[in-house]
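**Student:** Let's see this in three dimensions:
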Amino acid sequence: MMLSRNAVLRCSKVATGMMIGVAGLSSSSSVRCQETTDRGTQFANSLPELPPQCKRFYLIRHGQTDWNKKGLLQGGSYDIPLNDYGLEQAERVSRELSGISLGVVASSHLKRAQQTADAVHQKQPQAKRLSFSNFGEMRFGDFEGKPIHEENGNKSSFEILDRQRIESPDEIWPGGESMKEVERRTQEGLDGILESHKDEKHIAIVAHGRTNEVILASLLMNDVSKTGNFKQGNTGINVIDLDEREKSWSAVLINYIKHTEV
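**Tutor:** Presented below is the predicted three-dimensional model:
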């Protein structure tokens, strides 16, 4: 295995026949190693210590796609892969998280999230690799595949309707879904992870811009109409803690993107 300069290996035993990955990977007994970079160590050390009654979630947006670059709305229906810069961003975020021993690396079912999560998992082979359609991007219906902003600087039809639906989260996009529907399905995904992986303390989820905004507004403010407070950059990292004793969520870090600026 090729290691980056100054990388550290953290090794864990993999039992015969253990299932790993989205589709599952069976192997004979072997040692698989977590690769930790200098940036990963610095990032991990910058975070506050996790209280014993808490779990820590790392909610990440996928890397850049060509449609992101062109300002086209992908939504939940268009499965667009990462472009070259998006793949580079995915590698950068994987290095940033490499100092944290993740127990789970989950993602939405869409390629752009899958590719980003796969890069994270490559440095974290001890983690369970999962995929959930619950974390797919919001379905914007008839507006998907179209430009988000008008070139003349005026507000587009999308921007006008988007504001209306944020303020009225039960309203459904024509041919799509509502903010409340996104809230319900993502909560089901979170509940599934918490139920199936009770012993894991550090969990990464790679999802999408609007999906992440809904999750953060719901968990931290109990109000999905507050999504505007949580803008998400490509491979932005959100760190949020779940206090299992108090059944409450708290923000540690929102939309951290320093790894994209180097």
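**Student:** C-alpha only now, for contacts and for neighbours.
**Tutor:** Fine.
**Student:** Leaving out sequence neighbours, find the closest residue to Gly175.
**Tutor:** Among residues not flanking Gly175 along the chain, Gly141 sits closest, at 4.1 Å (C-alpha to C-alpha, 6 or more residues apart in numbering).
**Student:** what's near enough to touch that neighbour?
**Tutor:** Gly75, Trp173, Pro174, Gly175, Gly176, Glu177 (C-alpha atoms under 8 Å, 6 or more residues apart in numbering).
**Student:** rerun at 10 Å
**Tutor:** Gln74, Gly75, Gly76, Ser77, Ile172, Trp173, Pro174, Gly175, Gly176, Glu177 (C-alpha atoms under 10 Å, 6 or more residues apart in numbering).
**Student:** neighbours around the second one, how many?
**Tutor:** In this case it means Gly75. 22 (other C-alpha atoms under 10 Å).
**Student:** could I have the longest helix belonging to the chain exported to CSV, CA atoms only?
**Tutor:** The longest helix of the chain (DSSP state H) is helix 179-196. This file holds the C-alpha atoms of helix 179-196, laid out as CSV (Å, rounded to 0.1, in the frame of the first residue of the first chain):
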residue,chain,number,x,y,z
MET,A,179,-38.7,19.7,3.1
LYS,A,180,-40.7,17.8,5.7
GLU,A,181,-40.5,14.6,3.6
VAL,A,182,-36.7,15.0,3.4
GLU,A,183,-36.6,15.5,7.2
ARG,A,184,-38.6,12.3,7.8
ARG,A,185,-36.5,10.1,5.5
THR,A,186,-33.2,11.4,6.8
GLN,A,187,-34.3,10.9,10.4
GLU,A,188,-35.2,7.3,9.5
GLY,A,189,-31.7,6.8,8.1
LEU,A,190,-30.1,8.2,11.2
ASP,A,191,-32.3,6.0,13.4
GLY,A,192,-31.3,3.0,11.4
ILE,A,193,-27.6,3.7,11.9
LEU,A,194,-28.1,4.4,15.6
GLU,A,195,-30.1,1.1,16.1
SER,A,196,-27.7,-1.1,14.0
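**Student:** and it, which residues are buried?
**Tutor:** Judged by neighbour count (16 or more other C-alpha atoms under 10 Å), helix 179-196 contains these buried residues: Met179, Lys180, Glu181, Val182, Glu183, Arg185, Thr186, Gln187, Gly189, Ile193.
**Student:** Report pLDDT for Asn222.
**Tutor:** pLDDT recorded at Asn222 is 97.
**Student:** actually Val252, not the one I wrote
**Tutor:** Model confidence at Val252, given as pLDDT, is 98.
**Student:** Now do the same contact list for it.
**Tutor:** Neighbours of Val252 in contact, by C-alpha under 10 Å, 6+ apart: Leu47, Pro48, Arg56, Phe57, Tyr58, Asn238, Val239, Ile240, Asp241.
**Student:** Need those residues in CSV (columns: neighbour count and pLDDT).
**Tutor:** As requested, the contacts of Val252 are exported to CSV (neighbours: other C-alpha atoms under 10 Å; pLDDT from 0 to 100):
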residue, neighbour count, pLDDT
Leu47, 11, 98
Pro48, 8, 97
Arg56, 22, 98
Phe57, 21, 98
Tyr58, 22, 98
Asn238, 23, 98
Val239, 19, 98
Ile240, 21, 98
Asp241, 22, 98
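**Student:** Now, those residues that are in strands?
**Tutor:** Residues of the contacts of Val252 located in strands (DSSP state E): Arg56, Phe57, Tyr58, Asn238, Val239, Ile240, Asp241.
**Student:** Would you mind putting those into CSV with distance to Leu161 alongside?
**Tutor:** Shown next, in CSV, are those (distance: C-alpha to C-alpha, whole Å):
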residue, distance to Leu161
Arg56, 34
Phe57, 31
Tyr58, 30
Asn238, 27
Val239, 30
Ile240, 30
Asp241, 33
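**Student:** Can you pull the phi/psi pair for Ile254?
**Tutor:** phi -120, psi 130 (degrees, to the nearest 10).
**Student:** cool, Ile203 as well?
**Tutor:** With angles defined as degrees, to the nearest 10, Ile203 shows backbone torsions of phi -130, psi 130.
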